[in-house]
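A.B. asks: Fold the following for me, if possible:
(chains A and B)
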Amino acid sequence: MPATVDQIFVICKHWLLGFAPAGVQPIFSALLSVVPILVVFPLLFAITTVLERKGLGRIQNRYGPNRVGPCGFFQPIADGIKSLTKEDVVPATADRVAHFLAPLLLVAAAFLAYAVLPIGRNMVVANLNAGVLFFFAVGSMVELAVFMAGWASRSKYSLLGAMRAIAQMISYEVPLVLASVVVIMAAGSLSTVAIVNAQVGYTGIWPHWFVFTPWGFAGFVLFMIAATAESNRSPFDLPEGESEIIAGYYIEYSGFKFALFFLGEYLGMFATSGMAITLFLGGWAAPFSFLTWIPSYVWFFAKLLTLIAGFIWIRGTLPRLRMDQLMSFAWKFMLPMTLLNIFAAGVWHFMPAGYARWLACIALVVAPFLLLGRGLQQEKKSGIRSYRFAE
Amino acid sequence: MTVSFFILAALTIAGTVAAMSLRNLVHCVLALTLGFAGLAALYLQLGAQFVGFTQILVYVGAVAILAMFAIMMTQRAGAVAQPVFTPSRMPGWIAGGMIASAVFAVLAWAIHSSAALPKTLPPQALPSQADAGVRAIGNALMHRFVLPLEIMGLLLTAALIGAVLVAMQEQQEMP
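C.D. replies: Numbers count the residues shown, from 1 in each chain, chains lettered A, B, ... in the order given. Here you go, the predicted model:
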């Protein structure tokens, strides 16, 4: 019975596929795989906006949305109707074609990334041999969309935001890819399905997730930091910086195009979180061997919501970085750490299993962390801050 | 030679032609990106997943952005370039066309006479080969071409660390 519940969506798909004539079956099969993703993740986006606003409200000691529907949970519907009925203003000097194409390209690229995410057992749209590479390739298309949006608007704020966004995305894409290299080394495959399968299995009740190794843990933390920067979220929200450049690259957009930018941003955040789950947190695998009766897709979405909660928490807690801090953090801390982490993963692979390997790898990860942290701290010559108050 | 091949080929050629003939430089780069994406799609259609995705990652994700940055840094956005087709430029067009066709002829001759290309393609052999593409590239890189790969990797890592060091020194001089 648990096996049936686990595979219920796969079984449903095959049952529906039986009704289609043989000629259209490939197209129908593709549609049946794609449409649920086009429905589920925008819905998740709608729910997340409410949860985020309510969570931020709690952190900032206020209520958040609580007027529309029970506890304000119909707020996204109101927002959607509002953005659909607003006037679509295009600046007079804007480059109309690029201005129109930018949000479409952004959302299309964000949706493409879901093609390789295994949402459950046997539940992946395309099991590509180069799945991880595909993910990063479509992720890099987002930068182009952001640039088009910023440049086509012909506004100083837009251009500044786009410049900031691209500088940040290119800088943090390097650690993002390098942090995931350790998993590709360990699993010996670029296919997301093979990577998840390498993590299914238990020692006693404990799972074989990559996050439970020294290099895996370091890689997970580095990946999540880089993912936060890639999705332009606080504390890396300089491209949008409401207090400095109002909304950055999408300031000149209104109506549903503005909503599309938000959708693309959140879809990107979900996709990179999903990738982090696939690479480090065992994908759809259950955290303990006695919980495997719970369906696989439930575990995937539970992990996804946990990571989103972490994102919201960080957004409510940390202040925004400065541009030079952002850059020096990427190139002086993230990059050396990811390179050393790859070395640690290599040492782990070639040393015999046992405590010596654990100690060596932990030393290889912790020592550079401490040394780099100390070194960067001394370079800044920062002491205890002294406050002066008006008398 | 299927319908999708002709659509993709037309898209690629249209993108690259537009990249040479449009008057706004940023539009040129966007059109060139379309050409790059079309090439990547052509690679994918041939079953070369790794090459296709790397094409998107490197050219659409990095080279196009780099070109954009170069244009933004060197001239004012929206400045209109000189028209491309003028009578005074005709000798240049003829010379350029002759050089291009000569390069194309040499390339076509080299590819046609090389041993890598089988004279008769086995029918429907591509999809099964496609599954082994990434693994085959990995094996080739790790066995036969491991020394060039290591040297390239060392060179790129040195360049990366060098760039970071240059940036560090600049910042120390500033205060």
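A.B. asks: Skipping its backbone neighbours, what lies nearest the residue in the stretch 201-350 of chain A that chain B sits nearest to in space?
C.D. replies: Scanning the stretch 201-350 of chain A for proximity to chain B using C-beta to the nearest C-beta identifies A:Trp331 as nearest, at 4.9 Å. C-beta: built from backbone N, CA, C; applies to glycine. Spatial nearest neighbour of A:Trp331, chain neighbours left out: B:Val164 (4.9 Å); criterion: C-beta to C-beta, 6 or more residues apart in numbering or on different chains.
A.B. asks: Around chain B, pick out the residues from the stretch 201-350 of chain A.
C.D. replies: Residues of the stretch 201-350 of chain A lying near chain B by C-beta under 8 Å from any C-beta of the partner chain: A:Asp324, A:Met327, A:Ser328, A:Trp331, A:Lys332, A:Leu335, A:Leu339.
A.B. asks: could you redo the last one with a cut-off of 7 Å?
C.D. replies: By C-beta under 7 Å from any C-beta of the partner chain, the part of the stretch 201-350 of chain A that sits against chain B consists of A:Trp331, A:Lys332, A:Leu335.
A.B. asks: Would you convert those residues into JSON lines that also reports neighbour count, pLDDT and secondary structure?
C.D. replies: JSON lines is the format used below for these (neighbours: other C-beta atoms under 10 Å in any protein chain shown; pLDDT from 0 to 100; DSSP: H, G, I helix; E, B strand; the rest coil):
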{"residue": "A:Trp331", "neighbour count": "19", "pLDDT": "81", "secondary structure": "helix"}
{"residue": "A:Lys332", "neighbour count": "19", "pLDDT": "80", "secondary structure": "helix"}
{"residue": "A:Leu335", "neighbour count": "21", "pLDDT": "85", "secondary structure": "helix"}
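A.B. asks: Out of these, flag the one nearest to A:Lys82.
C.D. replies: A:Trp331 (41.4 Å; C-beta to C-beta).
A.B. asks: List the contacts of the residue in chain B positioned nearest to chain A.
C.D. replies: Closest approach between chain B and chain A, counting by C-beta to the nearest C-beta: B:Gly61, at 2.5 Å. By C-beta atoms under 7 Å, 6 or more residues apart in numbering or on different chains, B:Gly61 lies in contact with A:Ala137, A:Ser140, A:Met141, A:Glu143.
A.B. asks: The nearest residue in space to the last one that is not next to it in sequence in helix, strand or coil?
C.D. replies: So that's A:Glu143. The spatially closest residue to A:Glu143, leaving aside those adjacent along the chain, is A:Met169, at 5.0 Å (C-beta to C-beta, 6+ apart). Under the three-state scheme (DSSP: H, G, I helix; E, B strand; the rest coil), A:Met169 adopts helix.
A.B. asks: on that earlier part again, isn't the residue of the stretch 201-350 of chain A closest to chain B right up against B:Val166?
C.D. replies: No: if you go by C-beta atoms under 7 Å, A:Trp331 and B:Val166 don't touch, sitting 10.5 Å apart.
A.B. asks: pLDDT value on A:Gly241, please?
C.D. replies: On pLDDT, A:Gly241 comes in at 69.
A.B. asks: what about chain B, any weak spots by pLDDT?
C.D. replies: Scanning chain B for pLDDT under 70 picks out B:1, B:75-85, B:115-132, B:167-175.
A.B. asks: rerun that using 80 as the cut-off
C.D. replies: The model of chain B has pLDDT under 80 over residues B:1, B:22-25, B:47-48, B:69, B:71-89, B:112-135, B:163-175.
A.B. asks: Show the residue spans covered by the helices in it.
C.D. replies: Under the criterion DSSP state H, helices of chain B are mapped to B:3-21, B:25-45, B:49-55, B:64-74, B:90-113, B:126-131, B:133-142, B:146-173.
A.B. asks: All the strands of the stretch 201-350 of chain A, residue numbers only.
C.D. replies: A:202-203, A:206-207 (DSSP state E, counting those that start in this stretch).
A.B. asks: correct me, but the residue nearest to A:Glu143 touches A:Thr228?
C.D. replies: No: counting by C-beta under 7 Å, A:Met169 stays clear of A:Thr228, with 11.9 Å between them.
A.B. asks: follow-up on the earlier one: got the strands of the stretch 201-350 of chain A as CSV, with distance to A:Lys156 and mean pLDDT columns?
C.D. replies: Formatted as CSV, these follow (distance: least, C-beta to C-beta, whole Å; pLDDT from 0 to 100):
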stretch, distance to A:Lys156, mean pLDDT
strand A:202-203, 56, 80
strand A:206-207, 51, 82
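A.B. asks: Tell me which of the ones you listed is the most buried.
C.D. replies: Mean neighbour count (mean count of other C-beta atoms under 10 Å in any protein chain shown) peaks for strand A:206-207 among these, with a mean of 16.
A.B. asks: Contacts for that one, please.
C.D. replies: A:Gly282, A:Ala285, A:Pro287.
A.B. asks: go on, stretch B:144-155?
C.D. replies: With contact meaning C-beta under 7 Å, 6+ apart, stretch B:144-155 is reached by B:Leu141.
A.B. asks: Alpha carbons of it, in CSV - could you do that?
C.D. replies: Once non-C-alpha atoms are left out, stretch B:144-155 reads as follows in CSV (Å, rounded to 0.1, in the frame of the first residue of the first chain):
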residue,chain,number,x,y,z
ARG,B,144,43.6,9.9,-22.9
PHE,B,145,43.6,13.6,-22.4
VAL,B,146,44.3,13.8,-18.7
LEU,B,147,47.5,15.7,-19.0
PRO,B,148,46.1,18.5,-21.1
LEU,B,149,43.1,18.7,-18.8
GLU,B,150,45.3,19.0,-15.7
ILE,B,151,47.4,21.7,-17.3
MET,B,152,44.3,23.6,-18.4
GLY,B,153,42.8,23.2,-14.9
LEU,B,154,46.1,24.4,-13.3
LEU,B,155,46.2,27.4,-15.6
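A.B. asks: ok now it, how far from the chain's centre?
C.D. replies: Mean-position distance between stretch B:144-155 and its chain equals 22 Å (C-alpha atoms, centre = their mean, to the nearest Å).
A.B. asks: The spatially closest residue to A:Ala167 that is not a sequence neighbour: how many residues sit nearby?
C.D. replies: Of all residues beyond its chain neighbours, the one nearest A:Ala167 is A:Met327 (7.3 Å), with distances taken as C-beta to C-beta, 6+ apart. Residues within reach of A:Met327, counting by other C-beta atoms under 10 Å in any protein chain shown, total 17.
A.B. asks: Surely A:Met327 is in contact with A:Ser171?
C.D. replies: Yes: counting by C-beta under 7 Å, A:Ser171 is a contact partner of A:Met327 at 6.2 Å.
A.B. asks: how about the host helix or strand of A:Ala198 against chain B, any contact?
C.D. replies: In the assignment (DSSP states H and E), A:Ala198 maps to helix A:192-199. No: contact of helix A:192-199 with chain B (C-beta under 7 Å from any C-beta) is absent, the minimum separation being 10.8 Å.
A.B. asks: okay, that helix in PDB with CA atoms only?
C.D. replies: The C-alpha trace of helix A:192-199 is given here as PDB (Å, rounded to 0.1, in the frame of the first residue of the first chain):
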ATOM      1  CA  THR A 192      20.200  14.400 -10.800                       C
ATOM      2  CA  VAL A 193      18.400  11.000 -10.600                       C
ATOM      3  CA  ALA A 194      21.700   9.100 -10.100                       C
ATOM      4  CA  ILE A 195      22.800  11.700  -7.500                       C
ATOM      5  CA  VAL A 196      19.600  11.100  -5.400                       C
ATOM      6  CA  ASN A 197      19.900   7.300  -5.900                       C
ATOM      7  CA  ALA A 198      23.500   7.500  -4.500                       C
ATOM      8  CA  GLN A 199      22.000   8.900  -1.300                       C
END
